[in-house]
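*Asks:* Have a look; sequence and predicted model below, questions after that.
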Amino acid sequence: MAEGTGGTRERIKAVALELFTEQGYEKTSLREIAERLNVTKAALYYHFKSKDEIVSSVVDDRLDRMDELVAWAREQPATLATRRAVVARYAERMFIDERPLVMRFFEQNQTALKNLVAGQQMRERMFQLAGVLSRGDESPAAQLRAALALFAVHATWFAVRAPELDEQGRLEMALTVAEELLTPIGNA
């Protein structure tokens, strides 16, 4: 691996996500990740001591983005326009570049993620973001609509079986469904 440390870490995360998605988090070993990268386990260990560290690194990138989004959203008025903007920013920023792979990883490894600190942190941020989306309407229906609007972004990557649908088409579909869910919030 002749690339810089940052590039190496990114490559390790990408390959690990591929394997975690193909085989499952629990069934993938550091040895298998090293083999797929064509490096020694010691070289991999230099960057990440465990699979948990790899997942934490992937999630940490997203937690930072979510924290920024939540902070921005809290400064905006509790309007439908803000809710639309929050979901659009979430969809565009959270899963840049490796969007389908990350979404499949999260979907296929829910049990393992539930037990990892990184997974618990991601879940908490999702609740914070859903809370911002339902701000001004504390009804259970508004809370559910907000959470489902975020889930619509996720679901387009694993629930919609349409190989002909490209990334832009999936994004547009997710935002359309999210808007349908968000429109009634605050209008009771």
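*Replies:* Cool, the structure landed.

*Asks:* what separates residue 62 from residue 174, distance-wise?
*Replies:* Distance of residue 62 to residue 174, given as Cβ to Cβ, to the nearest Å: 17 Å. (C-beta placed from N, C-alpha, C; glycine too.)

*Asks:* Have a look at the chain and report its longest helix.
*Replies:* helix 51-74 (DSSP state H).

*Asks:* can you pull out the helices in the protein?
*Replies:* Counting by DSSP H, the chain has helices at residues 5-23, 30-37, 41-47, 51-74, 80-94, 99-108, 110-115, 117-133, 140-155, 167-182.

*Asks:* Could you dump those into CSV with mean neighbour count, mean pLDDT and distance to residue 161 added?
*Replies:* Listed next are these as CSV, based on neighbours: other Cβ atoms under 10 Å; pLDDT from 0 to 100; distance: least, Cβ to Cβ, whole Å:
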stretch, mean neighbour count, mean pLDDT, distance to residue 161
helix 5-23, 17, 87, 16
helix 30-37, 17, 95, 27
helix 41-47, 15, 93, 34
helix 51-74, 17, 90, 25
helix 80-94, 18, 90, 20
helix 99-108, 19, 74, 12
helix 110-115, 13, 81, 19
helix 117-133, 17, 91, 24
helix 140-155, 19, 93, 11
helix 167-182, 17, 90, 12
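
*Asks:* Not counting sequence-adjacent ones, nearest residue to residue 120?
*Replies:* Computed as Cβ to Cβ, 6 or more residues apart in numbering, the closest residue to residue 120 that is not its neighbour in sequence is residue 114, at 7.5 Å.

*Asks:* For the longest helix of the chain, which outside residues touch it?
*Replies:* Contact with helix 51-74 is made by 9, 12-13, 16-17, 20, 25, 28, 30, 33, 48, 82, 86, 89-90, 93-95, 102, 105, 113, 116-119, 121-122, 125-126, 128-129, 132-133, as judged by Cβ atoms under 8 Å, 6 or more residues apart in numbering.

*Asks:* And for stretch 139-151?
*Replies:* Stretch 139-151 is contacted by residues 83, 87, 90, 126, 129-131, 133-134, 177-179, 181-182, 184-186, 188 when judged by Cβ under 8 Å, 6+ apart.

*Asks:* Now with 7 Å, please.
*Replies:* Here stretch 139-151 makes contact (Cβ atoms under 7 Å, 6 or more residues apart in numbering) with 87, 90, 126, 129-130, 133-134, 178, 181-182, 184-185, 188.

*Asks:* So residue 162 versus residue 112, what's the distance?
*Replies:* With distances taken as Cβ to Cβ, residue 162 is found 28 Å from residue 112.
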